[in-house]
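Visitor: Starting from these lines, generate the structure:
(one chain, ligands or ions: 1)
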Amino acid sequence: MRIIEAIDYEHMSSLAARFLIDKISTNPELVLGLATGGTPRGTYKRLIEDHRMNGTSYKEITTYNLDEYVGFSPDNPNSYHTFMSENLFSELDIQKNNIHLPNGVALDLVEECKAYEERIEKTGGIDIQLLGMGSNGHIGFNEPGTSFEANTHLVELTQSTREANARFFNHIDDVPHEAITMGIATIMRSREILLLVSGETKRSALKELLSGDVRESFPASVLNRHPHVTIIADQKAL
Ligand code: GLP
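Guide: Down below sits the predicted model:
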């Protein structure tokens, strides 16, 4: 595990964007796994700036997002589809057909999980998965206790995750109780992982991760078993 120390959130975002841009320049057909939340927002802003200024192209890039809320259609303002469109995709030259997120309003949600997994496989797997981390160690929406063997699946969100994500909603009651998420096994199949960690609220989770104690009660700890992980963390989190 390689750890890169950033001064602050802005610095972390610049380093993460640089990291991704270098990979995209080397392989314009990269398959990127993407995350939502506050952590990657600054990175996405910089990818957009770079696309405008330097013309880095996303025409042949394919993306798979980690997760989506159950019950939210793509045009719901609080869906992760909308988040990704507003924070990244609408500003890039990426092709709509190459963008993938789980469908939170699929009639058969279990079937949707299976299909999502198959789509990733068909594409040839994820080259680089970008991750944030919840303060309880969740990655994607894999809450503490999730089996490390899990593929894309349906999850019930913990109260603490719903509270943490309530800031994106008008009221906590509006935060869904369920989501579809790539599983830990799905994430671990990515060839490379970039984890971003920022702020004091993540400090104890990062410490826990770096302790090297791998256990299902702390999902992010599984990253200790991945051969190619880079963590960019800011000073408040370290
Ligand atoms: C959310 C997302 C995760 C994200 C995490 C941290 O619940 N499902 O993919 O990494 O929580 O969010 P934030 O970056 O806002 O702290």
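Visitor: How confident was the prediction at residue 160?
Guide: Residue 160 carries a pLDDT value of 89.
Visitor: Apart from its chain neighbours, what residue comes closest to it?
Guide: Beyond its immediate neighbours in the sequence, the residue positioned closest to residue 160 (C-beta to C-beta, 6 or more residues apart in numbering) is residue 136, lying 5.6 Å away. (Glycine included, C-beta is placed from N, CA and C.)
Visitor: Quickly note the distance from the one you found to the ligand.
Guide: Residue 136 sits 10 Å away from the ligand, going by C-beta to the nearest ligand atom, to the nearest Å.
Visitor: Can I take it that that residue is in a strand?
Guide: No - the assignment for residue 136 by DSSP: H, G, I helix; E, B strand; the rest coil gives coil, which leaves it out of any strand.
Visitor: Wait, it touches residue 205, no?
Guide: Yes - the pair residue 136 and residue 205 qualifies as a contact (C-beta atoms under 8 Å) at a distance of 7.2 Å.
Visitor: re the thing from before, count of neighbours near the residue nearest to residue 160?
Guide: As a burial measure, the neighbour count of residue 136 was computed by other C-beta atoms under 10 Å and equals 18.
Visitor: Repeat that for residue 96.
Guide: 7.
Visitor: How about residue 71?
Guide: 14.
Visitor: Show the pLDDT at the residue nearest to residue 160.
Guide: The predicted local distance difference test score for residue 136 is 93.
Visitor: Kindly report the same for the one 5 residues further on.
Guide: We have a pLDDT of 96 for residue 141.
Visitor: and what of residue 122?
Guide: The pLDDT attached to residue 122 in the predicted structure is 97.
Visitor: what do you get for residue 97?
Guide: So, for residue 97, pLDDT stands at 98.
Visitor: What backbone torsions are found at residue 22?
Guide: Backbone torsions of residue 22, given as degrees, to the nearest 10, read phi -60, psi -40.
Visitor: What separation do you get for it and the ligand?
Guide: Separation of residue 22 from the ligand (C-beta to the nearest ligand atom) stands at 22 Å.
Visitor: Next: residue 13.
Guide: Going from residue 13 to the ligand by C-beta to the nearest ligand atom gives 12 Å.
Visitor: any idea whether that residue is helix, strand or coil?
Guide: When states are read from three-state DSSP, the local structure at residue 13 comes out as helix.
Visitor: in terms of contact, does it touch residue 47 like I think?
Guide: No - under the criterion of C-beta under 8 Å, residue 13 lies out of contact with residue 47, with a separation of 9.6 Å.
Visitor: wouldn't residue 68 be in contact with residue 101 here?
Guide: Yes - taking contacts as C-beta under 8 Å, residue 68 lies within contact range of residue 101: 5.1 Å.
Visitor: More neighbours: the two, which one.
Guide: When neighbours are counted by other C-beta under 10 Å, residue 68 and residue 101 differ, and residue 68 comes out ahead with 29 against 22.
Visitor: Count residues in the vicinity of residue 89, would you?
Guide: Look at residue 89: counted by other C-beta under 10 Å, it has 21 neighbours.
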